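S.K.: What follows is a protein structure lacking sequence information:
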């Protein structure tokens with residue numbers, strides 16, 4: 001099992017100016033595995049497609065992922081071409097992870113899809129993406145999309161682009177087993193990961209599919225100091241099932257590494273770590289990454 005560790009940028013990231021280049025260059029220089037982009041129309045985070053393209057042009061080895069990109073509301077054919085182009089231009093460094101979008105009226109309005117309609121639209125859009133990336137042309141007639149002998153070029157650099165999904169609700173876990181190549185949940189415990197994998201593997205068996213052992217991951221937020229009250233309140237709202245939602249955010253490097261080890265023990269191997277209180281300036285970001293590298297990267301295999 002290959003352990004890989006990348007960094008994530010949250011929805012409040014303000015690296016939309018020249019400082020973003022400094023962070024990308026530092027991640028490449030320090031040899032982190034990957035950089036992942038959140039998506040929120042109403043947040044400061046940069047658009048993931050634009051940011052991935054920018055980062056790809058400055059790097060040669062850093063992988064680029066989305067954590068996660070909202071799929072319902074996008075034209076899947078246009079998105080397939082955009083992502084295939086990015087994969088070709090980056091030499092196969094694309095790691096797309098998709099989601100249905102947060103339960104937020106502002107975001108749902110922006111993407112133009114009512115909440116009850118998202119799941120079926122999402123599943124069919126995944127079919128269309130795969131069809132666009134496959135050899136030859138696409139003929140597809142579903143509930144939402146209809147195409148006859150549609151040719152989408154270029155094809156991705158990767159022979160098969162792995163599609164990652166998140167989520168821990170039972171329906172989301174079954175969807176991973178039914179249509180995904182990898183699982184990347186966020187704000188979960190190692191116990192959540194172990195139980196979720198059981199549900200996914202049952203769905204895989206039901207549908208005659210497999211997921212590679214090293215395609216189970218987790219996004220882990222962490223903090224180097226006390227958690228602000230507003231963040232604690234947000235965690236409690238996100239995970240009301242937990243007696244102490246603060247356990248979702250290890251505090252300090254030692255706690256983060258202990259948490260990663262606990263995830264590895266239950267079969268998780270791909271990690272996106274994300275400072276829940278982000279450095280304030282690009283220089284502070286670079287310093288933070290330089291502090292993290294000798295602590296975090298020895299865990300990679």
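M.R.: Arrived safely. For clarity, every value in this text was computed on a predicted model and none was experimentally measured. Numbering: from 1, shown residues only.

S.K.: For the rest of this, base every contact and every neighbour count on C-alpha atoms.
M.R.: Noted.

S.K.: ok, residue 224 - how many residues close by?
M.R.: As a burial measure, residue 224 scores 17 neighbours (other C-alpha atoms under 10 Å).

S.K.: Phi and psi next, for it.
M.R.: When read as degrees, to the nearest 10, the backbone of residue 224 gives phi -100, psi 0.

S.K.: Find the nearest non-adjacent residue to the most centrally placed residue in the chain, please.
M.R.: The centroid of the chain falls nearest to residue 67 when counting by C-alpha atoms, centre = their mean (2.4 Å). Distances taken as C-alpha to C-alpha, 6 or more residues apart in numbering put residue 38 closest to residue 67, at 5.0 Å, once the chain neighbours are dropped.

S.K.: Now for that neighbour: which residues touch it?
M.R.: 8-11, 45, 48, 66-69 (C-alpha atoms under 8 Å, 6 or more residues apart in numbering).

S.K.: what does residue 278 give?
M.R.: 13, 285 are the contacts of residue 278 under C-alpha under 8 Å, 6+ apart.

S.K.: distance of it from residue 264?
M.R.: According to C-alpha to C-alpha, to the nearest Å, residue 278 stands 25 Å off from residue 264.

S.K.: which other helices and strands contact the strand or helix carrying residue 196?
M.R.: Residue 196 belongs to helix 190-206 when assigned by DSSP states H and E. Where contact means 3 or more C-alpha pairs under 8 Å, 6 or more residues apart in numbering; DSSP states H and E, helix 190-206 is packed against helix 170-179, helix 253-265.

S.K.: need the next SSE after the first one, C-terminal direction.
M.R.: If I follow you right, that is helix 170-179. strand 182-183.

S.K.: so what does that following strand touch, helix or strand wise?
M.R.: Using 3+ C-alpha pairs under 8 Å, 6+ apart: strand 182-183 touches strand 164-165, strand 217-222.

S.K.: Same list (these) but as CSV, adding mean neighbour count, mean pLDDT and distance to residue 208.
M.R.: What follows is the helices and strands packed on strand 182-183, written out as CSV (neighbours: other C-alpha atoms under 10 Å; pLDDT from 0 to 100; distance: least, C-alpha to C-alpha, whole Å):
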stretch, mean neighbour count, mean pLDDT, distance to residue 208
strand 164-165, 25, 98, 18
strand 217-222, 23, 98, 22
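
S.K.: Doesn't residue 208 belong to a strand?
M.R.: No - counting by DSSP: H, G, I helix; E, B strand; the rest coil, residue 208 is not found in a strand; it is coil.
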